[in-house]
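Enquirer: Have a look at this prediction, sequence included:
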Amino acid sequence: MSATAIIFGINGQDGFYLSRLLETQGVTVIGVSRKDASESSGIHDFEWVKDLVERYQPEYIFHFAAASTTNHQSLFDNYRAVSTGTINVLEAVKFLSSHSKVFISGSGLQFRNAGLPIKESDPFEARDAYSLCRIQSVYAARYYRSLGLKTYVGYFFNHDSPRRTERHVSKMIANAVKRIAKGEEVKVEIGDVSVVKEWTFAGDIVKAVWTFVQQEEIEEAVLGSGEGYSIMEYIKECFALIDKDWKDYVATQDDFKPDYKRLVSDPSLIYSLGWKPEISFSELVKMMIDE
């Protein structure tokens with residue numbers, strides 16, 4: 001009999017790639033989203049989450065649901081999805097499916113960032129509404145872990161794929177470059193192109209998630225490549241693929257203030273478990289342009 005996994009946030013890029021990975025592992029996937037999934041409702045609804053967990057008795061639960069923006073205006077959306085959603089899942093598992101392994105998404109953004117590679121043991125800092133919700137969810141996971149549940153927190157750093165939406169700079173730039181390649185007159189406006197972050201392929205990152213939840217002793221881990229590239233490096237790689245000079249199409253916003261100047265992980269722990277990314281930065285850029 002195959003294992004069952006519930007994925008909250010199935011329609012995001014992580015849910016998409018993880019569901020396909022799990023299917024190759026013989027795992028039955030129950031996809032949950034606010035729309036267009038096998039189960040549609042809100043993770044903020046405890047009674048609905050409780051019914052779902054009781055019905056499927058899953059071996060795995062992956063909580064990817066979030067508004068995925070640091071804007072303060074999304075505080076309550078993220079609170080419902082990330083903070084309340086985490087507690088709803090863990091409370092349901094505690095009473096109805098205590099054998100389930102629960103993966104909670106964390107973020108590199110919730111750590112104090114001094115520009116150095118970030119690891120699991122670094123201190124948290126609530127710099128925005130998004131990181132506040134993430135920090136709350138980690139403490140919930142730790143609390144329920146003390147009650148005997150198998151809870152895992154994986155701290156994500158930037159990772160991309162063609163399934164990104166245009167509100168992500170990687171997708172916005174890639175789509176603009178593809179339009180330019182077709183002969184359109186496009187001007188790309190970017191904030192601080194010197195910002196350095198990771199550009200790991202989302203399909204690789206979900207393999208790190210799967211490796212992580214097979215562990216019995218390790219409960220929190222940074223999930224990243226540890227390789228940082230600037231937005232400018234990404235821009236140059238994109239334009240090189242269409243043989244155009246980026247200077248003719250890109251305008252920077254001098255008054256733009258980024259959330260950080262550098263956000264890169266120290267993935268020593270997840271690397272020690274045998275995982276490493278397979279897709280290089282250049283291969284990811286080509287994937288974004290050639291989708």
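Expert: Structure's in. What do you need?

Enquirer: In the stretch 101-250 of the chain, what residue spans correspond to strands?
Expert: 101-107, 150-156, 159-160, 188-190, 196-198, 200-201, 220-223, 228-230, 250-252 (DSSP state E, counting those that start in this stretch).

Enquirer: Just give the strands next to the fifth one in its sheet, each with its orientation.
Expert: Taking DSSP bridges as the criterion, strand 196-198 pairs within the sheet with strand 228-230 (antiparallel), strand 262-263 (parallel).

Enquirer: Ranking helices and strands of the chain by mean pLDDT, which lands last?
Expert: Least confident helix or strand, the chain: strand 39-40 with a mean of 56, by mean pLDDT, DSSP states H and E.

Enquirer: will you turn the strands of the stretch 101-250 of the chain into CSV that also has mean neighbour count and mean pLDDT?
Expert: C-beta: built from backbone N, CA, C; applies to glycine. Output for the strands of the stretch 101-250 of the chain, formatted as CSV (neighbours: other Cβ atoms under 10 Å; pLDDT from 0 to 100):
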stretch, mean neighbour count, mean pLDDT
strand 101-107, 25, 97
strand 150-156, 23, 98
strand 159-160, 25, 97
strand 188-190, 17, 92
strand 196-198, 22, 97
strand 200-201, 26, 98
strand 220-223, 25, 98
strand 228-230, 19, 97
strand 250-252, 15, 91
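
Enquirer: Quick one: those as JSON lines, columns for distance to V209 too.
Expert: Output for the strands of the stretch 101-250 of the chain, formatted as JSON lines (distance: least, Cβ to Cβ, whole Å):
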{"stretch": "strand 101-107", "distance to V209": "6"}
{"stretch": "strand 150-156", "distance to V209": "6"}
{"stretch": "strand 159-160", "distance to V209": "11"}
{"stretch": "strand 188-190", "distance to V209": "30"}
{"stretch": "strand 196-198", "distance to V209": "15"}
{"stretch": "strand 200-201", "distance to V209": "12"}
{"stretch": "strand 220-223", "distance to V209": "7"}
{"stretch": "strand 228-230", "distance to V209": "21"}
{"stretch": "strand 250-252", "distance to V209": "34"}
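
Enquirer: how about the ones you listed, which one is nearest F8?
Expert: strand 101-107 (9.5 Å; Cβ to Cβ).

Enquirer: Specify which residues of the stretch 51-200 of the chain, grouped into ranges, have pLDDT under the cut-off.
Expert: For the stretch 51-200 of the chain, applying pLDDT under 70 flags the ranges 67-75.

Enquirer: where do the helices sit along it?
Expert: 75-78, 85-96, 129-146, 169-181 (DSSP state H, counting those that start in this stretch).

Enquirer: Out of the ones you listed, which is closest to I10?
Expert: Using Cβ to Cβ, these put helix 85-96 closest to I10, at 13.8 Å.

Enquirer: what helices or strands is that closest one leaning on?
Expert: Counting contacts by 3 or more Cβ pairs under 8 Å, 6 or more residues apart in numbering; DSSP states H and E, helix 85-96 is packed against helix 46-56, strand 60-63, strand 101-107, helix 129-146.
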